[in-house]
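**Q** Sequence first, then the predicted structure:
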Amino acid sequence: MSTESASDIRKYGIIAQGFHWLVALLLVGLLITNALRSGSAEDSDAFKFWLGLHMSFGILVFGLTFARIFWAKIAPPPELLDAPQWSVLAAKAAHMLLNLSTLAIPIFGYLRVASKDIPANFFGIPVPSLVGDQPWLHHVMEILHGSPMAIYLLSLVGLHIAAALWHQYVRKDHALERMLPWSPPRT
């Protein structure tokens, strides 16, 4: 159990919290829009709507991740909690993988569409294909931006949530409170 008291734990700033929860909300939106797209007839208006919204959310996640990384350079996050070395290394690796994934997965999604020489959609604004018709690339992106990627991302996010809950309720080190805007301020 951690030796730090709740009043010794520094919180993430409100902007970092905003980036975190907005990306989390968009990831849920991506899962929902993909499910609704998958449940629609392929050339229907519903299919096109859900696909367009899915692409828009993906582009937002990509942009917010860049902004989040940039913000962390300006306003560094609080120090990691006092924890065993394996836990500190796991936290660093998980955060790196989460950031890398929220950059790479939207790129794979864009390339999946762009490799059919179709523009992506950002809330109705076309984002032109930079690669043209590339069937081999499309095939690769169907794998990288398909079911295996969804399983990978859900597993990674699930581990992130489990770690936050473990820290909060098993270690009782107030880790989750560091990212909650309504939790009491910490010094």
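**A** That came in fine, so what should we check first? Note that the structure is predicted; figures quoted are calculated from it, not measured. Residues are numbered from 1 along each chain as shown.
**Q** going forward, measure contacts and count neighbours with C-alpha atoms only.
**A** Will do.
**Q** quick one: contacts of the strand or helix carrying Gln17?
**A** Assigned by DSSP states H and E, Gln17 belongs to helix 14-38. The contact list for helix 14-38 (CA atoms under 8 Å, 6 or more residues apart in numbering) reads 46-51, 53-54, 57-58, 60-61, 64-65, 68, 71-72, 77, 179-181.
**Q** Drop anything exposed from those.
**A** The neighbour-count test (16 or more other CA atoms under 10 Å) applied to the contacts of helix 14-38 identifies 47, 49-51, 53-54, 57-58, 60-61, 64-65, 68, 179-181 as buried.
**Q** List the ones among the residues you listed that fall in helices.
**A** 47, 49-51, 53-54, 57-58, 60-61, 64-65, 68 (DSSP state H).
**Q** For the chain, just list every one of the helices.
**A** Using DSSP H, helices in the chain cover 14-38, 45-74, 85-114, 135-144, 147-165.
**Q** just so I know, which of these lies nearest Phe123?
**A** Minimum separation from Phe123 across those (CA to CA) falls at helix 45-74, 5.6 Å.
**Q** Which residue, other than its chain neighbours, is closest to Ser101?
**A** Leu153 (7.6 Å; CA to CA, 6 or more residues apart in numbering).
**Q** Next, find the distance separating that neighbour from Val140.
**A** 18 Å (CA to CA, to the nearest Å).
**Q** which of those two has more neighbours?
**A** Leu153 (18 against 15; other CA atoms under 10 Å).
**Q** For Pro126, list each beta-bridge partner.
**A** Note on Pro126: beta-bridge partners Asn121, judged by DSSP bridges.
**Q** The residue most central in space within the chain and Ala175: what is the separation?
**A** What sits nearest the mean C-alpha location of the chain, by CA atoms, centre = their mean, is Thr102, with 4.6 Å. According to CA to CA, Thr102 stands 22 Å off from Ala175.
**Q** Leu30 now?
**A** 27 Å.
**Q** Thanks a lot, see you next time.
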